Each structure stands twice: as structure tokens, then as C-alpha cells.
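K.L.:
Model the structure of this input:
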Amino acid sequence: MALPRHLISHILTRVPAPTLRRFKKNCKQWGSEIGSSFFVRKQVDYVSRTRYREGAVLSSSARSLQFLDCENMRVELRRIDFPFDGRRGVSVIGSCNGLFCLAWMDKVLVLWNPCTKVCRDFAISGPVVRRHYGLNWLGFGYDGTRDEYKILRLHRHETAQIMEGTQVDIFSSKTNSWKELPILRWEIGLVGQSQPGTLVDHALHWLVEYVTRWENFEIDGIFRFKTVAKAILRFDLVEEKPSLILIPPDIDCRHPLYEFELRGFGGFLSLTHHNEEGHIDMWRVGLDKFKEIERFSAKFLTAAWTKIITIPCMTQLPLNKRLEPLWLMEDGKLLLHVQKIYGFITKKRKRAEEISVEQKKFYVYDPKSEEFSGCEIKGCKFFNRITAHSHTLLSPNSF
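P.N.:
Down below sits the predicted model:
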């Protein structure tokens, strides 16, 4: 007895996208169903809601991506070549609904589905990244209310006066153009290297510094800050409005920015903090529990933070290296990679006197047993950016 068509469609949405692609080629019965726009939307919706087979993409300025599959308590690395033939200078802006947003040489904007090998170029007005003009922070996401993909650019000119603030531009896949938004107030500081926006719940997030107290120009015309705190800049892609989120109250917000890291694990926003003892605390924010408050003469969003894991200091590492959370696996274990730090060593961090010469690049931490185990990932090359990605059949030419 044959299954009803709607039931077959329901089952197929649970099948991994690479397998569906093979079905479409080799099975005439299912090929037309899998290729329909209605089915593709159902599959994308299922993947985005459940984070089905979501993995980490490791990227740099090289010619390919490295997709890290952490399903079924195994770690597998696959190389994904860019859709550019021998070109360099490609940067990953972000990933959403199975599509990567890439910028090539600041001139070409590309939406690309590595599963279907389909890409779409945008002839954009103005450069993607304004190089030689200060800081550029970029983010990519989806506005479901308008069915359009957006790129957000935060730009601060290197010669800008302190009171000028940060320019905000947004690119729409529907209008194929940039639009200027209201200037970001000057107290919000983009510091350090350019960060990719962390996409969670139709909003992009960045770690920023916020000036809470200041003095006027006094000696030699220098503008002196009295107090600088840490916060999370949240930009809602639907309302196209920014807001600030307070970090957990248990964390001293005066700690340097390099001690913090934002991640999007399994559809929720997490904050990683390297404390003075060498431990790593991971916090999760309840995005549905925001409350607006007045603080530092500005409006902030206070959130319900929950500490989900504490990773003890690993004494076997050299003084100039530390562990950085890479991916939270389904079984609750945490995949970490060794990251080099430059001169940032706290006085209280304790290390073993004898250091093993052969250091693994990756470790798995089990919070139940509180033990580390080495993890071998063959062929992994240098990366400086981590992006969450799920495979879908969505075509960038479908909108």
C-alpha cells in the first residue's frame, strides 16, 4: 500500500539536503516533489526551526571553506570550494537558511548554496567593505516578514571625531541597493578587529564597548573616558533598529574585550567569558525574556542569562595558548580548539611546569565527567572565523 503524498513530503523534509539532491537526480517519483518551491520552503522551515544537522564552517581568506559535521557524536571535516575559479580575497559575511553570503574583492556580492552549487551575483551600488576608511562590521540575515535577505554594515571612519557616531547601512536583496539608517550613537564603540555579526532570532549581534562616564576636553584637547563597560549590540533585521543587551550581572563588564566571545549554538545566543582563574564560563540568553530598562542615560535590554557550562583551566597548554569553544554537540559535550593569545596572560592562571611537545589542536570536554579528551580532525587548515551553517535546497535565484 502506497503512502499518501503529503506523508511522503513530510518524511522527505527530514532527510538531509545532500541526500535529497541525489534523490532528485535518481528518483523520478520523488524528483518533481523535491524540486517544487513548496517543498523547498517546507524543508528550509524545518531546518531553521530544528537546527537539523547544523554544523560549524571554519573560514579564512583562502579559496575554500571547511565544514565541520558534529552529528551523531562524531567529528568530520569536509572541504567546500568557493564558486570562484582560482580567486582570492573572498570573505564570508554570514550564513542563513543554507545560503552563504560572500564578498569578493569588495566589488561583488554573492549568495551561494554549497549544497546545490547554485550562486547569484549582485551588482551592488558602492563597495561591500570600505577599506582604508576605518572599521567595517558586517552581518547577513533574513527578514521573514518581507521575505528578503539583508546585509548590515557598521562603519566608522578612522578620521571621524569621537562625537560623530557610527554609520549604519543595510542592503536588501529585493531592492539590490544600500540604504542609510540613523547613525549609531557615539557612546557605542566598535573596537578591535572587524567582527562578523552573530545571527540569532532574526537579529545580528556584536560585542561592543559602551562609554558610561566621560569628561570634556581638558588637557591638550584629549577627550577622556571615565568608565567603559561591555555590552551586546543587537540589530533587529525586521524593525531595522538597534538595541543594547546587558551582559550577565555576575561578570565584571570592565574586563577586556578579548576575554569574551559570542556564538550562536543551536539557535540561541551564547556568551563565552575567559575569567581570571583561567576557567571558561558559557552563558545562554533567553531571547524571549527581554526587558527594557534605563541605565547609563540610555535604554538597555536586560535578559535572563543562564550559565550552561564551566570549563576548567587546562594546565597542559603553553602560557601563550588557550582553549576556545568551537561547537556544542548534541550529546552535551563541547568541542574546543587551541587558540594562540598574544601577551594576555593573567597572574592567577596556573600552569604545569612541564609542557608536552605534541599538542593537539582540538579537544572535547565532557561536563558530566569533567574530563578532556584529544580530538583528531585530519586536514584542518588555518581558520579565523566560525559560522553556523545548515544544508538546504534553497536556491538564491528563488527570490
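K.L.:
Could you verify my assumption that residue 143 touches residue 203?
P.N.:
No: using C-beta atoms under 8 Å, residue 143 makes no contact with residue 203, being 10.5 Å away. Yep, even glycine has a C-beta here, placed from its N, CA and C like the rest.
K.L.:
intersection of neighbour lists for the two?
P.N.:
residue 237 (C-beta atoms under 8 Å, 6 or more residues apart in numbering).
K.L.:
Which one of those two is surrounded by more residues?
P.N.:
Each of residue 143 and residue 203 has its neighbours counted (other C-beta atoms under 10 Å); residue 203 has more, 24 against 19.
K.L.:
OK, contacts around that one?
P.N.:
Contact analysis of residue 203 by C-beta under 8 Å, 6+ apart lists 141, 234-237.
K.L.:
what's the most distant pair in these?
P.N.:
For those, the maximum inter-member distance is 11.8 Å, found between 141 and 234 (C-beta to C-beta).
K.L.:
Between the two, which contacts overlap?
P.N.:
The contact sets of residue 141 and residue 234 overlap at 203-204 (C-beta under 8 Å, 6+ apart).
K.L.:
what about the two, which has more around it?
P.N.:
Higher neighbour count among residue 141 and residue 234: residue 141, with 27 against 24, using other C-beta under 10 Å.
K.L.:
for that one, what are its contacts?
P.N.:
Residue 141 makes contacts with 94, 96, 149-150, 152, 197, 199, 202-204, 237, as judged by C-beta under 8 Å, 6+ apart.
K.L.:
Tell me the secondary structure at residue 258.
P.N.:
Classification of residue 258 by DSSP: H, G, I helix; E, B strand; the rest coil places it in helix.
K.L.:
and it, how many neighbours?
P.N.:
Here the number of neighbours of residue 258 (other C-beta under 10 Å) works out to 11.
K.L.:
how near is it to residue 210?
P.N.:
17 Å (C-beta to C-beta, to the nearest Å).
K.L.:
Tell me, how many residues neighbour the residue lying closest to residue 77 once chain neighbours are set aside?
P.N.:
Spatially, and ignoring its direct neighbours in sequence, residue 77 is nearest to residue 377 (5.2 Å; C-beta to C-beta, 6 or more residues apart in numbering). Residue 377 is flanked by 17 other residues according to other C-beta under 10 Å.
K.L.:
Quick check: which helices or strands does the longest helix along the chain pack against?
P.N.:
If you go by DSSP state H, the chain has its longest helix at helix 37-50. Applying 3 or more C-beta pairs under 8 Å, 6 or more residues apart in numbering; DSSP states H and E, one finds that helix 37-50 contacts helix 5-12, helix 17-26.
K.L.:
what is the mean pLDDT for it?
P.N.:
For helix 37-50, mean pLDDT rounds to 88.
K.L.:
One more: stretch 231-247?
P.N.:
89.
K.L.:
Distance from it to the middle of the chain?
P.N.:
When distances are taken as C-alpha atoms, centre = their mean, to the nearest Å, stretch 231-247 is centred 15 Å away from the chain's centroid.
K.L.:
How about it, which residues are buried there?
P.N.:
231-235, 237, 242-247 (16 or more other C-beta atoms under 10 Å).
K.L.:
same check, this time on stretch 184-204
P.N.:
184, 186-190, 195-204.
K.L.:
just those residues now: which is nearest residue 269?
P.N.:
residue 200 (4.5 Å).
K.L.:
wait, what's in contact with the closest one?
P.N.:
For residue 200, the contacting residues are 264, 267-269, 287, by C-beta under 8 Å, 6+ apart.
K.L.:
quick one: which of those residues is nearest residue 335?
P.N.:
Using C-beta to C-beta, these come closest to residue 335 at residue 264, 14.9 Å.
K.L.:
Which neighbours in the sheet does the helix or strand encompassing that closest one have, and how are they oriented?
P.N.:
For residue 264, the element it lies in under DSSP states H and E is strand 260-265. Strand 260-265 has the following sheet partners, assigned by DSSP bridges: strand 268-274 (antiparallel).
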